[in-house]
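**Q** please work out how this folds:
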Amino acid sequence: MSLTAAHTPAGPPEPRGPKYPFHITKEEERQLRLKGAEALPSLVIGQATSFDEYARQLMIPPAVMDLARKAEDLRLSAWEVEAMRKHLAPAAEPGDKVGLLRQILLEKYNRDQTHPPYIRVACSGRGEYDDLATEHGPLHPGGHPKGDIGSPVVLEIWPAQHYSPIHSHGHTTGIVFCLAGQLDVMVYEHLEWDARKLGLLTLTPGQCAWLSKDNYAVHRVYCPMDGGDGTTGPGYMNSTAEFGASFHVYLNPEQTAVHDHDGDSYNRDIFNYIDEKSKKQRPFATESDLSWHILRRVLANTPLT
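**A** As a prediction, the model looks like this:
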């Protein structure tokens, strides 16, 4: 019997230069994670396990901490996660019917390939693709051309290897609470393509990032899970059912105790982002793709076996 270990063929070498979505090298990633872990105020809200961590979280505004405390027990149930996976799964064969969430991703992909699509679910109000839900059960959302804008509470579904553009949140105060999977968040100093990166963090279920007018208002969100074939970037669409999910709250300045009248009118109705191709700043109305009451009914009607 040979004691020599079996030879495992090496895979293709990993690219050494900057890669999507953050355009950083492995060494830059390591440094940015260290910066994120030491940021003041803390980038992440959670149970402090050291004096330093407690002090960094102590600097987080009280309005943000209140939002985080109210969200700390939120979770997606196991059956909701599994039903979402079924609706995110790609077609087994070309031409096969796909679930509601994959349908929406394909619609958004065909409309805009500057970045891989993700799904915004309004926890109040309507969604642009609510009408597609009629194909998945006896649902009658009623006809309307577009979803409401500016929902204060949103569920975001991030297919594996998909990401957002760099974007800001106006003057809102809010949280990004991880509900499922894993999410990477890069925080930027301001809204420019080449803006200084302040830190990189990873969220897992129960962990919470945050933002305000004065702190961490610009970021990019990415789901680093297994997306199947291909390399993430503009024009990419994943080929797995893996995903991350996050719960977002956005309060306008007048809805918090930190409101100040500085003449600006930024609120959650319109955010700005950096176009991946032109590298220019553009506005977008914060329309949602689905409404939660429609999505949950679809999930409840989804066979899991």
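**Q** show me the shaky parts of the stretch 101-250 of the chain.
**A** Applying pLDDT under 70 to the stretch 101-250 of the chain flags the ranges 137-147.
**Q** quick one: the strands in it, in order.
**A** For the stretch 101-250 of the chain, applying DSSP state E, counting those that start in this stretch gives strands covering 119-122, 153-159, 167-168, 173-180, 183-188, 197-203, 208-211, 218-222, 243-251.
**Q** let's have those in CSV, adding distance to residue 76 and mean neighbour count.
**A** Every C-beta, even on glycine, is put in place using the N, C-alpha and C of the backbone. Output for the strands of the stretch 101-250 of the chain, formatted as CSV (distance: least, C-beta to C-beta, whole Å; neighbours: other C-beta atoms under 10 Å):
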stretch, distance to residue 76, mean neighbour count
strand 119-122, 11, 25
strand 153-159, 9, 24
strand 167-168, 24, 20
strand 173-180, 5, 24
strand 183-188, 14, 23
strand 197-203, 14, 20
strand 208-211, 15, 24
strand 218-222, 17, 23
strand 243-251, 6, 24
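**Q** give me the nearest residue to the residue nearest the centre of the chain, chain neighbours excluded.
**A** Geometric centre of the chain, nearest residue: residue 221, 4.9 Å, by C-alpha atoms, centre = their mean. Nearest residue to residue 221, sequence neighbours excluded (C-beta to C-beta, 6 or more residues apart in numbering): residue 164, at 4.8 Å.
**Q** got the strands of the stretch 101-250 of the chain as a markdown table, with distance to residue 230 columns?
**A** What follows is the strands of the stretch 101-250 of the chain, written out as a markdown table (distance: least, C-beta to C-beta, whole Å):
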| stretch | distance to residue 230 |
| --- | --- |
| strand 119-122 | 20 |
| strand 153-159 | 12 |
| strand 167-168 | 24 |
| strand 173-180 | 23 |
| strand 183-188 | 18 |
| strand 197-203 | 22 |
| strand 208-211 | 28 |
| strand 218-222 | 15 |
| strand 243-251 | 16 |
